[in-house]
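In: sequence first, predicted coordinates after that:
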Amino acid sequence: MASILSKKLKKHSLKELKTLGQQLLSSRTHINNLPLLLTFISPTSPPQHLLESLLSLQSFFTPVLPQLPASSSKRRKNEDSAKDDPEFIYKTWLRSKFDELVKSLVQVLLAPQTEDALREVVLDTLMEFVKLGNNGRFHSAIYHKLLHSIVHSTESIDFVTDLLASKYFKYTDIRYFTYISLEKLASTLEAKDISDDKTVSTDGNAESNPRGSIELSIHKIHYIIASIPSPESNTETIQHQMWSGSGFSSKEGNLKAGLELSEAENKKLKTEKQDNDVLSAATLAKKMKLKFTKAWISFLRLPLPVEIYKEVLVTLHQAVIPHLSNPLMLCDFLTRSYDIGGVVSVMALSSLFILMTQHGLEYPNFYEKLYALLVPSIFMAKHRAKFFQLLDSCLKSPLLPAYMAAAFAKKLSRLALSVPPSGALVIIALIHNLLRRHPSINCLVHREDGNETERDDSKAEKESSDGAEDSKTVTKMSSRKPGIDHFNNEESNPVKSGAMRSSLWEIDTLRHHYCPPVSRFVLSLENDLTVRAKTTEINVADFSSGSYATIFGDEIRRRVKQVPLAFYKMTPTSLFSDADFAGWTFKCDNMKENCTRNEEMNVTNISEENDDASSKRQRTE
């Protein structure tokens, strides 16, 4: 191949290529220069030769494109009637050469060795052919071929997709046909994945390559569909953002035709024309929303990788649901994601909450799944702030049963014993709002069960004296003793957790929390519950994104009036004294030996000093 190119370069220099292009544009007698120039549209050609050939071929095909046969199917229908027509044969040949040019341009665009500046020129040329290749209308076949090659390319071509998104996705017709092409590509990938599953079951070695190519294609589809701006509701902007200009009649022709009419008739004609434009733009917006819905639903049916799955769930409630023709079509995808558990369920909660509150979705097991998400790891998750805000919104309904509100309050209070201080602050805020919204669970705040346990114990003694089973009476007596929590923290069903028979003793323990903001917040909770008329609900968003850093920063910025001081008459030798913990010692044996040795050395030194002093006194006397 290199030898052929070297021979070609020796035969034709850059100046000769320019003359070949000028001859091609001058007359049909030099039409044989067309195949010669096509050979330079290759990734292995020098950029200067490729650009010179491309300019000549683009100038040649642009005026000829509206006269070429539209497609191969129409060409077959007209072949029998125009077999002997030399003009038809000539145009058919030109059509084949044009298809060859488009194929070569796509190869140059996606080749890894192509420079970025050359890629931009090639992409602009392809988009010009898309604009003019179908008798002045949008050539969807060329555009679909371009997107198909981008999606199925084995190389990561971020520059091409970024260029396509930044320069061309602002046009409405390009967005419209992009949704159509992505729907087709996603459907073919879904069918390919099913066929790969069937073939892999018989041959396990053939699994890695198809899976890898499908995941790469899914990444590219997601990048393209996420880069498209959301469908616009303003009909005026849709009229002026068409790439090919098809579908809207020009206003100049109607205005010129109306110059000969009277002023009243001219005004009437203008108003009717504006109404027709608004209607056409409105229908275009409806079609755009329909294509948007089909493209996203086809994409969500694909086996999404984990990182793409999470990215979709994060942006689904803002970028997709408001623009769907029927948002309830996502209920299967969201309920399936919500049932997975863990971080995926947390991410799916936002979109599922929108479907339930705004679109009437009924999900009976919603609160049971939400109850199962309350685990210690959720307080360290990346999207915990949004989750806590949605949790507070989900528990705001006054129709929530008392046992359900009690189960959530008790579950949260139990988590307060094992979560970081920032999580304890969020839990206190959530429980505060629960107690204010549902007064029927205020019995959990302070429960005295001394009298009830005495009655239960007397009943249990009577039952045992009457000859009841000993095991049952023992369990009943043990379950009714004071100090035993009836709440089952391991129960996944909030109905069977026994929260209504328990109390919020965990919140009382937070009064002595090692973190000062937590203990102060618990005291404020107690004051708010006693003076309910003067207080309101707490905004959970103020505490949902807290961490050790935010707590530390708030404590540093606090103005402390009284600073505690530590004063010791003697320097302490240990952190704790033996009197604080009876039966415990905080000194090692080595320390004891060192201390005894030091004491012996001190005694000997003192005795020697005394002997010296006595001898000195004797000498002086």
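Out: Structure received.
In: quick check: what element follows the helix or strand hosting Leu101 along the chain?
Out: In this structure, Leu101 sits in helix 86-110 according to DSSP states H and E. Going down the chain from helix 86-110, the next helix or strand is helix 116-132, by DSSP H and E.
In: quick one on the thing from earlier: elements contacting the helix holding Leu101?
Out: Applying 3 or more CB pairs under 8 Å, 6 or more residues apart in numbering; DSSP states H and E, we find helix 86-110 packed against helix 33-38, helix 47-64, helix 72-79, helix 116-132, helix 140-151. No exception for glycine: its C-beta is placed from N, CA and C like everyone else's.
In: tell me the buried residues in it?
Out: For helix 86-110, the neighbour count (16 or more other CB atoms under 10 Å) marks 88, 91-92, 94-95, 97-98, 101-102, 104-106, 108-110 as buried.
In: residues contacting that helix, please?
Out: By CB atoms under 8 Å, 6 or more residues apart in numbering, the residues outside helix 86-110 that reach it are 34-35, 38, 41-43, 50, 54, 57, 61, 64-65, 67-69, 75, 78, 82, 114, 118-119, 122-123, 125-126, 129, 142, 145-146, 149-150, 153, 155, 157, 160.
In: could you pull up the residues touching Gln58?
Out: By CB under 8 Å, 6+ apart, the contact list for Gln58 reads Thr125, Glu128.
In: any low-confidence regions in this protein?
Out: Low-confidence segments of the chain (pLDDT under 70): 1-12, 70-84, 193-212, 232-240, 245-281, 446-483, 527-535, 563-564, 585-621.
In: any idea how many residues pack against Phe581?
Out: Phe581: 10 surrounding residues under other CB atoms under 10 Å.
In: can you give me phi and psi for it?
Out: Note on Phe581: backbone dihedrals following degrees, to the nearest 10 are phi -130, psi 100.
In: okay, it and Ser574: tell me how far apart.
Out: Using CB to CB, to the nearest Å, Phe581 is found at 11 Å from Ser574.
In: same check on Val151?
Out: On the measure of CB to CB, Val151 and Ser574 end up 70 Å apart.
In: those two: which is more packed in?
Out: Neighbours of Val151 and Ser574, each counted by other CB under 10 Å, are more numerous for Val151; the result is 22 against 11.
In: that one is in contact with His219, isn't it?
Out: No: applying CB atoms under 8 Å as the test, Val151 and His219 come out as separate, 9.5 Å apart.
In: which residues in the stretch 301-450 of the chain form helices?
Out: 306-319, 331-338, 343-358, 366-372, 384-394, 402-415, 421-437, 450-465 (DSSP state H, counting those that start in this stretch).
In: could you dump these to JSON lines with mean neighbour count and distance to Ile224?
Out: Converted to JSON lines, those look like this (neighbours: other CB atoms under 10 Å; distance: least, CB to CB, whole Å):
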{"stretch": "helix 306-319", "mean neighbour count": "17", "distance to Ile224": "13"}
{"stretch": "helix 331-338", "mean neighbour count": "19", "distance to Ile224": "20"}
{"stretch": "helix 343-358", "mean neighbour count": "20", "distance to Ile224": "21"}
{"stretch": "helix 366-372", "mean neighbour count": "18", "distance to Ile224": "33"}
{"stretch": "helix 384-394", "mean neighbour count": "19", "distance to Ile224": "27"}
{"stretch": "helix 402-415", "mean neighbour count": "22", "distance to Ile224": "42"}
{"stretch": "helix 421-437", "mean neighbour count": "23", "distance to Ile224": "38"}
{"stretch": "helix 450-465", "mean neighbour count": "13", "distance to Ile224": "66"}
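In: quick one: which of these is nearest Thr509?
Out: For Thr509, the closest of these is helix 402-415, at 9.4 Å, according to CB to CB.
In: by contact count, what packs against the closest one?
Out: Using 3+ CB pairs under 8 Å, 6+ apart, helix 402-415 is in contact with helix 366-372, helix 421-437, helix 505-509.
In: got the angle between that helix and helix 421-437?
Out: 160 degrees (axes from the mean of the first three to the mean of the last three CA atoms, to 10 degrees).
In: any chance of CSV for the helices and strands packed on helix 402-415, columns distance to Met329?
Out: Formatted as CSV, the entries for those read as follows, by distance: least, CB to CB, whole Å:
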stretch, distance to Met329
helix 366-372, 19
helix 421-437, 33
helix 505-509, 43
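In: so which of those helices comes closest to Met404?
Out: Smallest distance to Met404 across the helices and strands packed on helix 402-415 (CB to CB): 6.0 Å, for helix 366-372.
In: from the contact counts, what lies against that closest one?
Out: helix 343-358, helix 384-394, helix 402-415.
In: using a markdown table, lay out the ones you listed together with distance to Leu504.
Out: Below are the helices and strands packed on helix 366-372 laid out as a markdown table (distance: least, CB to CB, whole Å):
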| stretch | distance to Leu504 |
| --- | --- |
| helix 343-358 | 25 |
| helix 384-394 | 17 |
| helix 402-415 | 5 |
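In: out of those helices, which is closest to Asn539?
Out: Shortest distance between Asn539 and the helices and strands packed on helix 366-372, using CB to CB, is found for helix 384-394: 8.9 Å.
In: show me what the closest one is packed up against.
Out: Using 3+ CB pairs under 8 Å, 6+ apart, helix 384-394 is in contact with helix 343-358, helix 366-372, helix 421-437, helix 541-544.
In: right, I'll leave it there.
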